[in-house]
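A.B. asks: I would like the atomic coordinates for the input below:
(chains A and B)
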2 protein chains.
Amino acid sequence: MTSTQLVSGVYAAALTPMTPNGTPDHAMVVAHCRWLLDNGCDGLAPLGTTGEANSQSLADRMALIKAIAAAGLPADRVVVGTGGCALGDTVALTRCALDAGYPNALVLPPFYYKGVTEDGLFAYYAALIERVGDPKFRLYLYHFPQMSAVPLSPALIGRLRDAFGDVVAGLKDSSGDWANTKHLIDTFPGFRVFSGSEQFLADNVAAGGMGCISASVNVTAPLAARVLRADPAARDRLQQDLTAIRMALQGFPMIPALKRILEWHTGNTGWRNVLPPLLPLSETAAGDLRRKIADFALFRDEIALAAAVD
Amino acid sequence: MTSTQLVSGVYAAALTPMTPNGTPDHAMVVAHCRWLLDNGCDGLAPLGTTGEANSQSLADRMALIKAIAAAGLPADRVVVGTGGCALGDTVALTRCALDAGYPNALVLPPFYYKGVTEDGLFAYYAALIERVGDPKFRLYLYHFPQMSAVPLSPALIGRLRDAFGDVVAGLKDSSGDWANTKHLIDTFPGFRVFSGSEQFLADNVAAGGMGCISASVNVTAPLAARVLRADPAARDRLQQDLTAIRMALQGFPMIPALKRILEWHTGNTGWRNVLPPLLPLSETAAGDLRRKIADFALFRDEIALAAAVD
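C.D. replies: Residues are numbered from 1 along each chain as shown, chains lettered A, B, ... in the order given. Predicted coordinates for the structure are as follows:
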């Protein structure tokens, strides 16, 4: 088995800053990724749900992979989202990531058809592994039934692990169902299970999981890192603070809200751009968000700057 | 307003025969489309749900559009499915169709994100029309909430019609909810509303709709054409026969079942190929299907051939 550096810890499902024309702003993407790596993130998961990957054209997704590689974002701290509905496109994106030096890929199930069979999903992932055809490739399954509407069952995971071993390296569980995450950790030794929210970070690592890959880590990374590294006595209180922030953010459309906070963090109004069908946060919601995050010491600098830029 | 030949009548949501490698078999595609046009179809809707469009790579979808144009399939009898999750890809596919001579396009909403706003969907379709930037373009909305999980509301349709007039030419209603179809026909004069199943064909045209765009028309076209052209006295009985066939087919995974019937029709086992996450019909289900369609005179030839090829 080829040795591929695997991923663990606090991962941000990295946001994608966009130009006003609706293409990724590579300079802002790289600057944001570097900030995350320097401020608590063990790694990054670009081009996931939070990165608006499925709203980007295939060409834009490939260009973004090449841009972060050209900027030198380290291979052992990146897992690239490469999943789409079409096997051919997913193969092309995964190969693009491998060619750029990123062997770890987070892959949604094909999500157009609903009610598909376990056999059909097995056939899809098996064909992906075979057609990618690179022994360095490590597949992280992406279980997000609320968004994909195509769940990945423990039975499917077991069949894939039996057939392909540690090539089927791990899973991001965005179901929000801790019992499911715990069951996967307990059932598949050596399988690298991430929670989809830092709300479960302490529980995840205590149970033997690998950490979290989360949208809100784009703004909570410094605190999430403290939770991960705290000694057990201090961890619970820090986790409570982290969870309170996550819960507050969940009251808003997540991606536009996170982008607005990063506008307040950087002073760059380019952060306001999102791709349809998402829309920028309304000014009313932005005001509500600003009042809400003012409750948390973590956002002291952002609140100060928000007063200047809004 | 540029004059674009609009579509109406019995339309097949054309199946896409595939090679064993999982790419469209252009010779089989063209032969099947010609057979449909010669055997009851007023027109074709390739690259929809039934055509496994969202399981095909972007490059394969574009190549198929060029292939049917090169074969001379008539522009006034084709509405091409060009919808994907990413606006950029949908623009590219729609332009590809226009460049190939096909101005009528059937466009899904972006279907990855769920629970998106009416404003966000309006922004998506508005940006599509603006970025396609061709006065010949005619947009047919594709309402299929069971599959896309992103419904298109009457309020959204009204806003798009108000903003873009007859460029927003029509809609395929695959909800299976006749009350919704009827409401759209009654509410938007001049808007071309198709039912997503030939089960509603007689009701649709009686109410002032444009006909149907249906998966099962791939095998029921000769009978559906008779329903459309029957005088009112004969229409009800023919519609009952047509509906009975549609209901029988709905008991099977639709796309693999239709492909199996076309294998029996043509003797070409290439019809068995589907793209993951779909799977070919199991032999048990194929046997059940064969017994089921033996109830209908329409399939006399297929049943005879099935005995030889199975």
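A.B. asks: near chain B at all, stretch A:174-189?
C.D. replies: No - for stretch A:174-189, no contact with chain B is found by C-beta under 8 Å from any C-beta of the partner chain; the gap never falls below 12.7 Å. For the C-beta atoms, the positions are set from N, CA and C on the backbone; glycine is no exception.
A.B. asks: what distance separates that stretch from the centre of its chain?
C.D. replies: Distance of stretch A:174-189 from its chain centroid, counting by C-alpha atoms, centre = their mean, to the nearest Å, is 17 Å.
A.B. asks: next: stretch A:107-123.
C.D. replies: So, by C-alpha atoms, centre = their mean, the centroid of stretch A:107-123 is 20 Å from its chain's centroid.
A.B. asks: burial of residue A:226, as a residue count?
C.D. replies: By other C-beta atoms under 10 Å in any protein chain shown, 17 other residues sit near residue A:226.
A.B. asks: I'd like the next helix or strand past the host helix or strand of it.
C.D. replies: Assigned by DSSP states H and E, residue A:226 belongs to helix A:217-229. With elements assigned by DSSP H and E, the helix or strand that comes after helix A:217-229 is helix A:232-249.
A.B. asks: may I have the strand or helix carrying residue A:201 exported as PDB, CA atoms only?
C.D. replies: Following DSSP H and E, one finds residue A:201 within helix A:201-206. Taking C-alpha atoms only, helix A:201-206 is exported to PDB below (Å, rounded to 0.1, in the frame of the first residue of the first chain):
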ATOM      1  CA  LEU A 201     -15.100  18.100  18.300                       C
ATOM      2  CA  ALA A 202     -14.400  17.100  21.900                       C
ATOM      3  CA  ASP A 203     -16.800  14.100  21.700                       C
ATOM      4  CA  ASN A 204     -15.300  13.100  18.400                       C
ATOM      5  CA  VAL A 205     -11.700  13.000  19.500                       C
ATOM      6  CA  ALA A 206     -12.600  11.400  22.900                       C
END
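A.B. asks: what's it in contact with?
C.D. replies: For helix A:201-206, the surrounding residues in contact (C-beta atoms under 8 Å, 6 or more residues apart in numbering or on different chains) are A:10, A:178, A:181-182, A:185, A:193-195, A:210-212, A:224, A:227-228, A:235-236, A:239, A:242.
A.B. asks: next: stretch A:299-307.
C.D. replies: In contact with stretch A:299-307 (C-beta under 8 Å, 6+ apart) are residues A:219, A:261, A:264, A:265, A:267, A:290, A:293, A:294.
A.B. asks: buried residues in it?
C.D. replies: By neighbour count on 16 or more other C-beta atoms under 10 Å in any protein chain shown, the buried set for stretch A:299-307 is A:299, A:302, A:303, A:305, A:306.
A.B. asks: so which of those comes closest to residue B:53?
C.D. replies: When the buried residues of stretch A:299-307 are compared for distance to residue B:53 (C-beta to C-beta), residue A:302 wins out at 43.1 Å.
A.B. asks: what about that closest one, helix or strand, and which?
C.D. replies: Counting by DSSP H and E, the element that carries residue A:302 is helix A:300-309.
A.B. asks: give me the distance between that helix and the centre of its chain.
C.D. replies: Taking C-alpha atoms, centre = their mean, one finds helix A:300-309 lying 26 Å from the centre of the chain it belongs to.
A.B. asks: likewise stretch A:147-165?
C.D. replies: For stretch A:147-165 - counting by C-alpha atoms, centre = their mean - the centre lies 19 Å from the chain centre.
A.B. asks: quote the end-to-end distance of that stretch.
C.D. replies: 27 Å (C-alpha to C-alpha, to the nearest Å).
A.B. asks: strands along chain A, start to end?
C.D. replies: A:9-12, A:43-44, A:80-81, A:104-107, A:138-143, A:168-173, A:192-195, A:211-214 (DSSP state E).
A.B. asks: CA atoms only for the fourth one - export them in CSV, please.
C.D. replies: In this case it means strand A:104-107. Extracted C-alpha coordinates of strand A:104-107, given in CSV (Å, rounded to 0.1, in the frame of the first residue of the first chain):
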residue,chain,number,x,y,z
ASN,A,104,-6.9,13.1,-0.2
ALA,A,105,-10.4,13.8,-1.7
LEU,A,106,-13.8,14.3,0.0
VAL,A,107,-16.4,12.9,-2.3
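A.B. asks: next one: it to chain centre, how far?
C.D. replies: Counting by C-alpha atoms, centre = their mean, strand A:104-107 comes out at 10 Å from the chain centroid.
A.B. asks: could you give the average pLDDT over that strand?
C.D. replies: What strand A:104-107 shows for mean pLDDT is 98.
A.B. asks: hmm, it touching chain B?
C.D. replies: No - figure legend: strand A:104-107 not in contact with chain B (C-beta under 8 Å from any C-beta); closest approach 12.8 Å.
A.B. asks: give the partner strands of that strand in its sheet and their orientations.
C.D. replies: strand A:80-81 (parallel), strand A:138-143 (parallel) (DSSP bridges).
A.B. asks: winner for burial among these?
C.D. replies: Most buried of the strands paired with strand A:104-107, by mean neighbour count (mean count of other C-beta atoms under 10 Å in any protein chain shown): strand A:80-81, with a mean of 29.
A.B. asks: now residue A:4: how far from chain B?
C.D. replies: 25 Å (C-beta to the nearest C-beta, to the nearest Å).
A.B. asks: which ones are touching that residue?
C.D. replies: Residues near residue A:4 by C-beta under 8 Å, 6+ apart: A:103, A:104, A:136, A:137, A:138, A:169.
A.B. asks: the fourth one touches residue A:94, doesn't it?
C.D. replies: The one in question is residue A:137. Yes - if you go by C-beta atoms under 8 Å, residue A:137 and residue A:94 touch, sitting 6.8 Å apart.
A.B. asks: who has more neighbours out of those two?
C.D. replies: In this view residue A:137 and residue A:94 are compared by other C-beta under 10 Å, and residue A:94 has more residues nearby, 25 against 22.
A.B. asks: what's the more buried one in contact with, if anything?
C.D. replies: Residue A:94 makes contact with A:82, A:105, A:107, A:128, A:132, A:137, according to C-beta under 8 Å, 6+ apart.
A.B. asks: now do 6 Å
C.D. replies: A:82, A:105, A:132 (C-beta atoms under 6 Å, 6 or more residues apart in numbering or on different chains).
A.B. asks: repeat for residue A:42
C.D. replies: The contact partners of residue A:42, by C-beta under 6 Å, 6+ apart, come to A:9, A:10.
A.B. asks: mind doing that once more with 7 Å?
C.D. replies: Residues counted as contacts of residue A:42 (C-beta atoms under 7 Å, 6 or more residues apart in numbering or on different chains) are A:8, A:9, A:10, A:11, A:77, A:211.
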